[in-house]
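Enquirer: 3D, please:
(chains A and B)
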Protein chains: 2
Amino acid sequence: MLEDVIQYLEKHTNQALETVKQLVRIPSVAAKGEGIEETATLLKSMFEELGMKTQLHPTSGSPVVTASLDVGAKRTLLFYDHYDVQPAEPFDLWDSPPFEPEIRNGRLYGRGTADNKGDTTSRIWTIRAFQETDTPLPVNIKFVVEGEEEIGSIHLSEFVEPNKHFLKADGGIWEFGGAAIDGIQEAWLGLKGDFYVQLEVERLNRDVHSSTATHLPSAPFRLIWALNSLKDEKERILIPGWYDDITPLTKADWQHLDKVDMLEEDTKKYYGVDSYVLNLTGDKLKEVYYNGPTCCISGLTSGWQGKGSKTVLPAKASAKVDFRIVEDMDPEDLLKKLRAHLDNQGFSDVKITWHEAYPAAKTSPDHPFIQLVNTANKKIFGHDLRVHITSPGSGPLYLFKDHVPMVSIGVSDYDSRGHAPNESIKIDNFRNGMKRIAIIIDEMSRW
Amino acid sequence: MLEDVIQYLEKHTNQALETVKQLVRIPSVAAKGEGIEETATLLKSMFEELGMKTQLHPTSGSPVVTASLDVGAKRTLLFYDHYDVQPAEPFDLWDSPPFEPEIRNGRLYGRGTADNKGDTTSRIWTIRAFQETDTPLPVNIKFVVEGEEEIGSIHLSEFVEPNKHFLKADGGIWEFGGAAIDGIQEAWLGLKGDFYVQLEVERLNRDVHSSTATHLPSAPFRLIWALNSLKDEKERILIPGWYDDITPLTKADWQHLDKVDMLEEDTKKYYGVDSYVLNLTGDKLKEVYYNGPTCCISGLTSGWQGKGSKTVLPAKASAKVDFRIVEDMDPEDLLKKLRAHLDNQGFSDVKITWHEAYPAAKTSPDHPFIQLVNTANKKIFGHDLRVHITSPGSGPLYLFKDHVPMVSIGVSDYDSRGHAPNESIKIDNFRNGMKRIAIIIDEMSRW
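Expert: As a prediction, the model looks like this:
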């Protein structure tokens, strides 16, 4: 009975957290190619313990783990997760080592707890709860767990292309989500795309004494000037045609957005800022948050970075630039526009290396599955989901959108610090997140 | 007899190189505060072995080592050297470890061999040669060896102020010099000043997920925009008033410069460039080389610098900016101008930390001591010195210029790679450099 499932999850939260810890202890950093096979194999064995049919799908990069349990039900629920994590650097800003998970203050700390090993585990344990309480699973279950989400899901299409049938389902739960700063559970119906490049300049055959800067070319200054040409102080991306394909938010979008409280003051305080860029607020803030592309420098490197001074003219300089993109922007086209812009500005010496790139995608807020998830949420958390038409974050939703209506909910919260030091999840959210999945499964059986 | 001194130096070159090695083995990196006391003490003991009166002068930073030998002669020769070295990073670009000196291809490799432990040693061994061959030293000798040249001699004035009498001499040999790319020995009569700052921006209380770049401020972009405001693509420094105090080269300067061959093609090939910035050549090149200030980015740091992608909006960004300055530019005034410029451009959030700063200085090419050094050079190398009215490099010559006419000559060459990986000196230059000092001493006795 569903009641038994819920009670089982209440009682076994600590054991479930042990599974999160087990996964977090393997530093599966896709950017470094570390711990990937080991984590994929561990996950596969976890799914096998549930009696699921599993497979490791090799790709040119990390393998994709799939698991399915066909109980002959009318409806099928699909989970999308990823077993890779972001690099944990800078290590010295962590209060406990990132790959040695630790519980304190009602939270579990460690790289990947929030993004997204905690979510994956919550879903696995919910299935287990049905089985351990002899409650018949009333829906078929599928898992797709990839190992390159944090590097742009660069090889996921190699799995998807020949396995489209596997993605077919009545509803899908995406990897992330949780409680906002005011405690309200949030759901995300779309994901922005990403276009992440490295820009590199090399102008000398080696670092030289900086006295030669009178006449030798400067790689870091070339990079500065090139980056300066990408975005101005008014936050306008200056690459010709960059905004051409963006569709403005519709009246229907605004009807949903009008219900969203951006919690501006709390959020500013949380990040330690007095104001947002350009003093964005209200609808203007919503517009860029939900439908604005970004041009963000995620890294800068050149020359001497140690203490004090080194009088050197560096041979090389490079930047990592993360462009978030919205629906209808095409990465291939954007790459051409970026190259043409740099060339036209005289920066043919700036080399572009493409790290990740995929388009944005959305599920309609009017889909009945979204209503069903909201009902389940209300039963556990006592309130309606705060539904966002899209997340400002990115993910390869575009590969799934034609096969299954997807909604992203999860066990994180506003203070989970994904991609940053001291990543964590609140244990209460983890427990209730498992219970919410159980209710969604139950609701689907009557759909 | 002088002939015995020369022969002794010929025969003992290898032993002298052992002394260089002994000094290079201590990584006396002032920027990191490493190996400083140890090297100062070792040098002091080397001078004591020559029977010199020595002293370690404490400063707020590295101690200054002085040594003097008063033989009651009419003339006094002063040497300025430094026992600190530049950081050796990036270590992986060294063919042999920087602090494990190694001889190959007729050269001695190691951090500090050229800048300037080889020079210091060549001067010590020349004094030793007079003593070992019972040749009476015909001039009084003084050494000033500081330990912070590579970080802008930031505390040298603490020694100089109460010890101005010690700097009084008839001629002085500065720390560096050697053979140009065509084998001609070069002498430098002046040094540019330096104004080296760190620019730092911090806009968030921690690194955050880059999806927030729609509305949260970007420290690296603030830094890019600020750096872009410092210098344009035409190499003009844009800080108002920056060029105000520069005195153009005089007719007398040009008479000296006309004799200098810049070896443009060989030098371009050496650095792996097809052309200099702005296609500088001929007199235009000489103008910036001898009398141009620079604005050089020596380092850039922000966010993710590892392999692949990390989708982060970094909280902080910083740059090391090395401004070389020419005669009559005043660092205190320049700091005010830089601060005012950043403020006026809206970059009050860019913090300036001052790492090193001192003015430029020159000795007149017409001073008889310069002629004497040229005569000595001709006797050893068979050609006139290529005299540069100033070096494009920097040093605290301004503290000495009122007390002693200084000329910089040394045992390096065009391929010595000061401040860069695989620093080295050619053993032939080291041997002949010692012999040239012996001849200078002899010439001074008849001056």
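
Enquirer: now the lengthiest helix in chain A - C-alpha only, PDB.
Expert: Taking DSSP state H as the criterion, chain A has its longest helix at helix A:427-445. The C-alpha coordinates for helix A:427-445 follow below in PDB (Å, rounded to 0.1, in the frame of the first residue of the first chain):
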ATOM      1  CA  ILE A 427      17.900  16.000   4.600                       C
ATOM      2  CA  ASP A 428      14.200  17.000   5.000                       C
ATOM      3  CA  ASN A 429      14.000  17.900   1.300                       C
ATOM      4  CA  PHE A 430      15.600  14.600   0.400                       C
ATOM      5  CA  ARG A 431      13.100  12.700   2.500                       C
ATOM      6  CA  ASN A 432      10.100  14.600   1.100                       C
ATOM      7  CA  GLY A 433      11.500  14.400  -2.400                       C
ATOM      8  CA  MET A 434      11.400  10.600  -2.200                       C
ATOM      9  CA  LYS A 435       7.900  10.700  -0.900                       C
ATOM     10  CA  ARG A 436       6.800  13.000  -3.700                       C
ATOM     11  CA  ILE A 437       8.100  10.600  -6.300                       C
ATOM     12  CA  ALA A 438       6.000   7.800  -4.700                       C
ATOM     13  CA  ILE A 439       2.900  10.000  -4.900                       C
ATOM     14  CA  ILE A 440       3.600  10.800  -8.600                       C
ATOM     15  CA  ILE A 441       3.800   7.100  -9.300                       C
ATOM     16  CA  ASP A 442       0.600   6.500  -7.500                       C
ATOM     17  CA  GLU A 443      -1.200   9.400  -9.300                       C
ATOM     18  CA  MET A 444       0.100   8.100 -12.700                       C
ATOM     19  CA  SER A 445      -1.600   4.800 -12.100                       C
END
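
Enquirer: what comes up buried for it?
Expert: Residues of helix A:427-445 classed as buried: A:427, A:429-444 (neighbour count, 16 or more other CB atoms under 10 Å in any protein chain shown). C-beta here means a position set from N, CA and C on the backbone, and glycine is covered the same way.

Enquirer: do the same with stretch A:214-231
Expert: A:214-231.

Enquirer: all helices of the stretch 1-150 of chain A, in order?
Expert: Assigned by DSSP state H, counting those that start in this stretch, the stretch 1-150 of chain A shows helices spanning A:2-11, A:13-24, A:36-49, A:118-132.

Enquirer: do the same with the stretch 251-400 of chain A
Expert: Going by DSSP H, counting those that start in this stretch, the stretch 251-400 of chain A shows helices at A:251-257, A:264-271, A:282-291, A:331-344, A:368-381.

Enquirer: enumerate the residues of the stretch 301-447 of chain A near chain B.
Expert: A:301-314, A:317, A:319-320, A:322, A:324, A:346, A:355-356, A:391-394, A:417-421 (CB under 8 Å from any CB of the partner chain).

Enquirer: whichever of those end up buried, select them in ChimeraX.
Expert: To isolate the buried members of these in ChimeraX, using 16+ other CB under 10 Å:
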select /A:301,302,303,304,305,308,309,310,311,312,313,314,317,319,320,322,324,355,356,391,392,393,394,417,418,419,420,421
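
Enquirer: filter the residues of the stretch 301-447 of chain A next to chain B down to just the ones in strands.
Expert: Of those, the ones assigned to strands by DSSP state E are A:301-303, A:312-313, A:317, A:319-320, A:322, A:324, A:355-356, A:391-394.

Enquirer: output stretch A:112-124 as CSV, nothing but the C-alphas.
Expert: Extracted in CSV, the C-alpha atoms of stretch A:112-124 (Å, rounded to 0.1, in the frame of the first residue of the first chain):
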residue,chain,number,x,y,z
GLY,A,112,27.3,16.0,-6.4
THR,A,113,24.9,15.8,-3.4
ALA,A,114,22.7,18.4,-5.1
ASP,A,115,23.7,18.0,-8.7
ASN,A,116,22.5,15.4,-9.0
LYS,A,117,23.5,12.2,-7.0
GLY,A,118,21.0,13.0,-4.3
ASP,A,119,18.2,13.1,-6.8
THR,A,120,19.2,9.9,-8.6
THR,A,121,19.4,8.2,-5.2
SER,A,122,16.0,9.5,-4.1
ARG,A,123,14.4,8.0,-7.2
ILE,A,124,16.2,4.6,-6.8
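
Enquirer: how close does the nearest residue to residue A:306 once chain neighbours are set aside sit to residue A:429?
Expert: Nearest non-adjacent residue to residue A:306, counting by CB to CB, 6 or more residues apart in numbering or on different chains: residue B:87, 6.1 Å away. Here the criterion is CB to CB, to the nearest Å. By it, residue B:87 lies 47 Å from residue A:429.

Enquirer: what's the answer for residue A:123, then?
Expert: Taken as CB to CB, the span from residue A:123 to residue A:429 is 14 Å.

Enquirer: pLDDT at residue A:217, what is it?
Expert: pLDDT for residue A:217: 97.

Enquirer: name the element it belongs to?
Expert: Assigned by DSSP states H and E, residue A:217 falls within no helix or strand.

Enquirer: same check, this time on the one 3 residues further on
Expert: Taking DSSP H and E as the criterion, residue A:220 maps to helix A:219-228.

Enquirer: tell me which other helices or strands that helix touches.
Expert: strand A:190-202, strand A:296-303, strand A:316-325, helix B:219-228, strand B:296-303 (3 or more CB pairs under 8 Å, 6 or more residues apart in numbering or on different chains; DSSP states H and E).

Enquirer: got CSV for those, with distance to residue B:36 too?
Expert: Below are the helices and strands packed on helix A:219-228 laid out as CSV (distance: least, CB to CB, whole Å):
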stretch, distance to residue B:36
strand A:190-202, 35
strand A:296-303, 24
strand A:316-325, 31
helix B:219-228, 32
strand B:296-303, 22
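
Enquirer: nearest to residue A:240 among these would be which one?
Expert: strand A:316-325 (14.6 Å; CB to CB).

Enquirer: partner strands of the closest one, parallel or antiparallel?
Expert: strand A:190-202 (antiparallel), strand A:296-303 (antiparallel) (DSSP bridges).

Enquirer: could you give the angle of it to helix A:219-228?
Expert: On the basis of axes from the mean of the first three to the mean of the last three CA atoms, to 10 degrees, strand A:316-325 is oriented at 20 degrees to helix A:219-228.

Enquirer: tilt between strand A:316-325 and helix A:331-344?
Expert: Going by the same axes, to 10 degrees, strand A:316-325 makes 140 degrees with helix A:331-344.
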